[in-house]
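[1] got a predicted model here, sequence first, then my questions.
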Amino acid sequence: MKLGLQLGYWGAAPPSNAAELVAAAEESGFDAVFAAEAWGSDAFTPLAWWGSGTRRVRLGTSVVQMSARTPAACAMHALTLDHLSGGRFVLGLGVSGPQVVEGWYGLPFAKPLARTREYVSILRQVLAREAPVTNDGPHYPLPYQGPGALGLGKPLKPITHPLRADLPIWLGAEGPKNVALTSEIADGWLAIYYAPRLAGMYDEWLADGFAKSGRSRENFEVAATCQVVVTDDPVGVRAMLKPFVALYIGGMGAPGMNFHAEVFTRMGYGEAVKDIGRLFQSGRKDEAAQVVPDELVAEITIVGTAEHVRDEVRRWEKAGVTMLLVGCRDVASIKAVAEACQ
């Protein structure tokens with residue numbers, strides 16, 4: 001099982017020990033380091049800054065939001081970081097949600113699957129650098145000829161030759177159609193909430209995409225976000241994780257369109273999801289955390305003794321996961337997780 005350190009996105013200020021964590025992850029044998037973004041810090045800059053001190057680990061985004069940049073701009077970021085890291089960059093993308101896309105970026109959220117397909121197609125063209133980049137689709141037309149256009153747009157190839165035409169593109173996906181699209185057009189799936197119990201269902205979704213593309217699962221990566229904690233107090237640690245779960249179920253999405261809440265509903269926690277959402281949206285966040293079921297947290301995390309962690313990692317691996325994205329916040333935790341997962 002590969003390990004990826006998830007640095008996430010910043011809160012009110014940058015984390016004070018990120019460089020130390022990145023160094024410890026590389027020293028401990030982690031395969032990759034990832035950064036994320038929401039509506040504050042971006043994901044590319046931290047990787048360039050802290051990743052400059054690394055030599056082996058892959059540097060990935062988990063995820064950058066497609067609406068934050070045009071496909072061509074995103075490809076420029078990717079090819080630049082791939083050169084600077086010597087071919088260690090992984091581009092993880094996600095559509096985000098309507099609250100962020102329309103409220104922060106000022107763009108329509110409609111037709112996320114069609115937008116994703118166009119976005120990735122343009123990225124592939126830029127990275128291949130075989131011909132000037134064009135796109136006839138309605139979401140990212142190149143050259144642009146719509147309202148306000150001067151009619152002078154010219155198809156272009158990137159000035160800088162990409163280091164790799166096959167730079168890995170992974171997609172953050174949660175629903176069945178989005179996961180199927182991921183296995184059809186991408187090189188990996190970033191699963192924010194994964195439950196090994198439902199591996200058969202995930203395999204069916206992935207198989208749909210592989211069948212459409214004619215590709216196999218052999219080189220496809222499944223990177224699952226999973227809080228891994230080595231501890232003698234699993235009950236206490238899971239209690240500490242509940243507020244974060246409640247936040248994503250109740251606060252990281254619009255009422256009636258919360259993709260994270262839908263994931264847990266599909267897992268069989270529909271009634272709890274309703275209660276959490278109602279309490280969180282009424283400002284009762286502490287109560288929302290308290291009603292998060294213990295078994296829900298246990299399904300999406302690995303918390304316990306080193307022996308328990310080792311057994312669970314093997315179970316997740318058998319369920320199809322190739323990498324665990326863990327959110328360690330100190331060097332001791334990184335070393336403990338690395339040792340337990342060996």
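    Cool, got the structure. Numbers count the residues shown, from 1 in each chain.
[2] for Ala223, helix, strand, or coil?
    Under DSSP: H, G, I helix; E, B strand; the rest coil, Ala223 falls in the strand class.
[3] residue contacts, the closest residue to Gly304 other than its chain neighbours?
    Nearest residue to Gly304, sequence neighbours excluded (CB to CB, 6 or more residues apart in numbering): Pro234, at 4.7 Å. (C-beta placed from N, C-alpha, C; glycine too.) By CB atoms under 8 Å, 6 or more residues apart in numbering, the contact list for Pro234 reads 303-304, 308.
[4] now the strands: where do they sit in the stretch 1-150 of the chain?
    With DSSP state E, counting those that start in this stretch, the ranges of strands along the stretch 1-150 of the chain come out as 2-6, 32-35, 58-61, 64-65, 89-94.
[5] which residues touch the second one?
    Going back to what we said before, that points to strand 32-35. Against strand 32-35 from outside (CB under 8 Å, 6+ apart): 2-9, 22, 25-26, 43-44, 46-47, 50-51, 54, 57-62, 90, 92, 323, 325.
[6] just the buried ones from those, in ChimeraX syntax?
    Selection of buried members from the contacts of strand 32-35 for ChimeraX, criterion 16 or more other CB atoms under 10 Å:
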select :2,3,4,5,6,7,8,22,25,26,43,44,46,47,50,51,54,57,58,59,60,61,62,90,92,323,325
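[7] the strands of the stretch 1-150 of the chain: which one's closest to Arg197?
    Closest of these to Arg197 is strand 2-6, at 21.6 Å (criterion: CB to CB).
[8] can you list the strands that the closest one pairs with?
    If you go by DSSP bridges, strand 2-6 pairs up with strand 32-35 (parallel), strand 323-326 (parallel).
[9] what angle sits between the next helix-or-strand element following the last one and strand 2-6?
    To tie it back to what came earlier, the one meant is strand 323-326. Scanning forward in sequence from strand 323-326 by DSSP states H and E, the next helix or strand is helix 331-340. Interaxial angle, helix 331-340 versus strand 2-6 (axes from the mean of the first three to the mean of the last three CA atoms, to 10 degrees): 160 degrees.
[10] show me what contacts Ala336?
    230, 306 are the contacts of Ala336 under CB under 8 Å, 6+ apart.
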